[in-house]
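Trainee: just coords:
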């Protein structure tokens, strides 16, 4: 499509696409044109949510990767997923990224339900974020396309028993959190390590105690409880949410993005001079 000149033109174009057949194009337009910043923030919170599942965190702690090299772990995960989303799962680079993810995961006996839950967060956390803080919410067609895209990615990663509809997968996501979110010391360690990683992107270490409650203000009570973290003060929650909604109102009035923001083309802290897909992920038998 030609670059839109007004807000809403790209959404109108997407509305004419098929949510299953065109799910890769729709996913690219949403993640790289319509909501690049929002999608990245939502997926960061999605990765945090995995640390609320107490039965899965002992393995993540045991590998040491998330505690001792969180920036590399983050960059590897972002780049592998971006290769698939930006190039497509049938593109040679997309296939290579999926192959690399499978190589990492198959080193350990991770239960299928944990894979399913992680996959569900990649679908529903961006949708929920945009409903709260995006310059517009996703349409029903865009939600269905997001489900179709990640369902196919999950299938190619060998994840079994993926629910056969958007609604069924959302029910699984909510029921899984109710059943599996509970406090564990390993959850706490992983969430703090990842939270501190995020704080380090913007603040010197001595300001982390002031910045941490801002991140906590964006996390819901069940997840905070599973990580053993106190909620942010109500006034700070209202302030943080209000600023994000003000940002959304401003974006809705600005011209649309005309060039994609491609994470595979952005210099990362771990790989400032570029990377090889085959080298991404954990080494010495550790899972990515």
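Mentor: Arrived safely, thanks for sending. Fair warning: this is a prediction, and the values are worked out from it, not measured in the lab.
Trainee: What segments of the stretch 51-200 of the chain are helices?
Mentor: Along the stretch 51-200 of the chain, counting by DSSP state H, counting those that start in this stretch, helices occupy 57-63, 65-68, 70-87, 92-105, 112-133, 140-156, 166-180, 185-202.
Trainee: Nearest to residue 278, out of those?
Mentor: Residue 278 lies closest to helix 92-105 among the helices of the stretch 51-200 of the chain, at 6.4 Å (Cβ to Cβ). C-beta: built from backbone N, CA, C; applies to glycine.
Trainee: Quick check: phi and psi on residue 234?
Mentor: When quoted as degrees, to the nearest 10, the phi and psi of residue 234 stand at phi -60, psi -40.
Trainee: Could I get the contacting residues of it?
Mentor: Applying Cβ atoms under 8 Å, 6 or more residues apart in numbering to residue 234 gives no contacts.
Trainee: hmm, back to that, want to throw the helices of the stretch 51-200 of the chain into TSV with mean pLDDT and distance to residue 12?
Mentor: As requested, the helices of the stretch 51-200 of the chain are exported to TSV (pLDDT from 0 to 100; distance: least, Cβ to Cβ, whole Å):
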stretch	mean pLDDT	distance to residue 12
helix 57-63	89	43
helix 65-68	86	42
helix 70-87	95	22
helix 92-105	94	28
helix 112-133	97	17
helix 140-156	98	11
helix 166-180	98	22
helix 185-202	96	35
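Trainee: Looking at those helices, spot the one closest to residue 271.
Mentor: helix 70-87 (6.5 Å).
Trainee: what's that closest one in contact with?
Mentor: 27-28, 31-32, 40, 43, 47, 65-66, 93-94, 96-98, 100-101, 122, 149, 153, 193-194, 196-197, 260, 262-264, 268-271, 275, 277, 280-282, 288.
Trainee: let's see 6 Å
Mentor: Residues outside helix 70-87 that contact it (Cβ atoms under 6 Å, 6 or more residues apart in numbering): 27, 31, 65-66, 93-94, 97, 101, 193, 197, 262-264, 268-270, 280-281, 288.
Trainee: buried ones in stretch 206-221?
Mentor: Buried residues in stretch 206-221, counted by 16 or more other Cβ atoms under 10 Å: 208, 211-219.
Trainee: picking up where we left off before, need the helices of the stretch 51-200 of the chain in CSV with mean neighbour count, can you?
Mentor: Converted to CSV, the helices of the stretch 51-200 of the chain look like this (neighbours: other Cβ atoms under 10 Å):
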stretch, mean neighbour count
helix 57-63, 17
helix 65-68, 18
helix 70-87, 21
helix 92-105, 18
helix 112-133, 20
helix 140-156, 20
helix 166-180, 15
helix 185-202, 18
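Trainee: what's the closest of these to residue 238?
Mentor: helix 112-133 (13.0 Å).
Trainee: tell me how far that closest one is from the chain's mean position?
Mentor: Distance of helix 112-133 from its chain centroid, counting by Cα atoms, centre = their mean, to the nearest Å, is 7 Å.
Trainee: Next, the angle from that helix to helix 92-105.
Mentor: 130 degrees (axes from the mean of the first three to the mean of the last three Cα atoms, to 10 degrees).
Trainee: which other helices and strands contact helix 112-133?
Mentor: helix 36-49, helix 140-156, helix 166-180 (3 or more Cβ pairs under 6 Å, 6 or more residues apart in numbering; DSSP states H and E).
Trainee: Among those, which comes closest to residue 253?
Mentor: Of the helices and strands packed on helix 112-133, nearest to residue 253 by Cβ to Cβ is helix 36-49, at 16.1 Å.
Trainee: State the distance from the residue positioned nearest the centre of the chain to residue 7.
Mentor: Nearest to the geometric centre of the chain sits residue 43, at 1.6 Å (Cα atoms, centre = their mean). To residue 7, residue 43 is 23 Å away according to Cβ to Cβ, to the nearest Å.
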